[in-house]
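what shape does this take:
(4 chains)
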There are 2 protein chains.
Amino acid sequence: MLVNANAAARQPIDGHLADLAGEHVFCSEFKYRKGIEIFGEGEDAEYVYQITSGAVRTYRMLPDGRRQINAFHLQGDMFGFENGVAHRFSADALVETQVRIIKRSSILDAMQNRVVSNKNLICFVTQNLQHAEDHMLLLGRKSSLERVATFLLEMDERLAHPSMMLLPMNRRDIADYLGLTLETVSRALSILRDEALLRFDGNTQRRLELLDRHALAEFDV
Amino acid sequence: MLVNANAAARQPIDGHLADLAGEHVFCSEFKYRKGIEIFGEGEDAEYVYQITSGAVRTYRMLPDGRRQINAFHLQGDMFGFENGVAHRFSADALVETQVRIIKRSSILDAMQNRVVSNKNLICFVTQNLQHAEDHMLLLGRKSSLERVATFLLEMDERLAHPSMMLLPMNRRDIADYLGLTLETVSRALSILRDEALLRFDGNTQRRLELLDRHALAEFDV
DNA sequence: GCATTCATTTGATCTAGATCAACATGCGAG
DNA sequence: CTCGCATGTTGATCTAGATCAAATGAATGC
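Numbering: from 1, shown residues only, chains lettered A, B, ... in the order given. Now for the predicted structure:
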């Protein structure tokens, strides 16, 4: 919902989004506060988004409140690209998040005019597909400990192997991403902590250090 | 493995694959017997495939034998399209299956030469992505009965709502697609039979009729 | 800086689905 | 036709993870 965002300067896009659309398309910057919905399932897919800073969850819900988070998107990631006119899932900000927004129609125009690099556009969709395929294997066939180990290594990779990583999501988000309950995620993390594969920062349980990536990788079958 | 296939006539492709590559690219027809591998995870992604007749499963395996089937592909479906040089999953024929094969390189050439319709190519990948997103919700959050009901309605739709549908896959395949065991699938089907939502053909448990699609849809949340 | 609320951990118990086991049925090979 | 193996069903039991519950720790508002 753009209502919750504050418009910033209009400027040419760069990074991935520039590769996608060349220098010919302009976009806006918006900022979303923690927990705020960026778009909802079923809404018009007017824009494509790229994260400047912060983190976003995309997810689908069942009528009774069960939730499946498809993916966590971090700095540089693009999301919200749809085939049809409506979003097939919801997206909201996990923390204070800044995004670049480009009108879907301008990308479609650019495609028509051969301005867009097809290859990059397809690569973007294919990356999402590859992630989804990996995640189906996790959701269908991995144990809770394997899922949590896979998650930690995925985040470690995405955050460029920092010595201390600060997770932008809470235990419930992790659970809804991994197809578990928040209690099971918490227990799995405690087990990995007790086995000295990771340690928490004293102050907050969201800040943690991976102590043995090799041992974690053995859980990540 | 093309070793297991018999080459047939070279001819211009039609249907979806023609939309994708225009009239400029030619392809071969191959036939695979039931249970035969079409390609394996990690092999060179030399070809893209379209099913003329039959059915195919694409899947990934964990080292200890756990298997997750991504998708069942039926007549008209394309599969095997990869971003990189290697296949990220395996594919094999569920029943005697005939496929059209087109060299990946000729599609890439066609893309370079602007012969390919970008839109169709992206639509193809996006369709796969949408299916994967739906399936993540199923694998992460649905009960066994809901999974089986969803599966039956998916197959019913794919097979154009026949009065009697003949499933090309066995209970283990269904289980590995739905993230369950074959016993759980069998039990769920028995429950749906007992509740008169479906009935089996007397002779084979693979041939069944959906008696109450509306009631099934209530399980398919 | 204190209070209220939210996030997380940990423990006790429950249960959906897995596992183990036995039997039934159908199909292909000869 | 029938033997042997594949496939499928059903029952008994087990267990990983869910659910229920409580206590603690951390963040935020006043």
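
the residue in chain A positioned nearest to DNA strand D in helix, strand or coil?
Proximity of chain A to DNA strand D (C-beta to the nearest atom of the strand) peaks at A:Thr184, 3.1 Å away. To be clear about C-beta, it is placed using only N, CA and C from the backbone, and glycine gets the same treatment. The three-state assignment at A:Thr184 reads helix, by DSSP: H, G, I helix; E, B strand; the rest coil.

that one contacts A:Arg172, correct?
No - assessed by C-beta atoms under 8 Å, A:Thr184 is found out of contact with A:Arg172, at 11.4 Å.

who has more neighbours out of the two?
Shown here are A:Thr184 and A:Arg172; by other C-beta atoms under 10 Å in any protein chain shown, A:Thr184 has more neighbours (18 against 13).

tell me the contacts of the residue nearest to A:Thr52 when sequence neighbours are not counted?
The spatially closest residue to A:Thr52, leaving aside those adjacent along the chain, is A:Gln98, at 4.1 Å (C-beta to C-beta, 6 or more residues apart in numbering or on different chains). Contacts here follow C-beta atoms under 8 Å, 6 or more residues apart in numbering or on different chains; on that basis A:Gln98 touches A:29-32, A:51-54.

pretty sure A:Gln98 sits in a strand.
Yes - A:Gln98 forms part of a strand when assessed by three-state DSSP.

and for A:Ile122, the neighbour number?
19.

now do the same contact list for it.
By C-beta under 8 Å, 6+ apart, the contact list for A:Ile122 reads B:83, B:118, B:121-122, B:125.

what's the neighbour count on A:Thr126?
The number of residues packed near A:Thr126 is 19, by other C-beta under 10 Å.

wait, it touches B:Val125, no?
Yes - contact criterion C-beta under 8 Å: A:Thr126 and B:Val125 qualify, at 5.7 Å.

follow-up on the earlier one: dump the contacts of A:Gln98 to a markdown table, plus pLDDT and neighbour count.
Below are these laid out as a markdown table (pLDDT from 0 to 100; neighbours: other C-beta atoms under 10 Å in any protein chain shown):
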| residue | pLDDT | neighbour count |
| --- | --- | --- |
| A:Glu29 | 89 | 18 |
| A:Phe30 | 91 | 20 |
| A:Lys31 | 92 | 18 |
| A:Tyr32 | 92 | 25 |
| A:Ile51 | 93 | 19 |
| A:Thr52 | 92 | 16 |
| A:Ser53 | 93 | 13 |
| A:Gly54 | 94 | 20 |
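
quick one: which of those sit in strands?
Under the assignment DSSP state E, the contacts of A:Gln98 contribute A:29-32, A:51-53 to strands.

B:Gln205: which of those residues is nearest?
For those, the minimum distance to B:Gln205 (C-beta to C-beta) is 49.5 Å, reached by A:Ile51.

residues in contact with that closest one?
Here A:Ile51 is in contact with A:73-79, A:97-99 (criterion: C-beta under 8 Å, 6+ apart).

how far away is it from A:Ala93?
Note on A:Ile51: its distance to A:Ala93, by C-beta to C-beta, to the nearest Å, is 9 Å.

which SSE is A:Leu129 in?
If you go by DSSP states H and E, A:Leu129 is part of helix A:118-141.

tell me which helix or strand comes right after that helix.
helix A:144-158.

how about residues contacting that following helix?
A:72, A:74, A:138, A:142, A:162, A:165, A:167, A:174, A:177-180, A:184-185, A:187-189, A:191-192, A:198, A:210, A:213, A:216-217, A:219-221.

can you say which of those residues are buried?
A:72, A:74, A:138, A:142, A:165, A:167, A:174, A:177-180, A:184-185, A:188-189, A:192, A:198, A:210, A:213, A:216, A:219-221 (16 or more other C-beta atoms under 10 Å in any protein chain shown).

surely A:Glu133 is in contact with B:Arg88?
Yes - using C-beta under 8 Å, A:Glu133 makes contact with B:Arg88 at a distance of 6.4 Å.

tell me which of these two has more neighbours.
Neighbour count, other C-beta under 10 Å: between A:Glu133 and B:Arg88, A:Glu133 has more, with 22 against 17.

still on that earlier bit, relative to A:Asp176, how far out is the residue of chain A closest to DNA strand D?
Distance from A:Thr184 to A:Asp176, by C-beta to C-beta: 12 Å.
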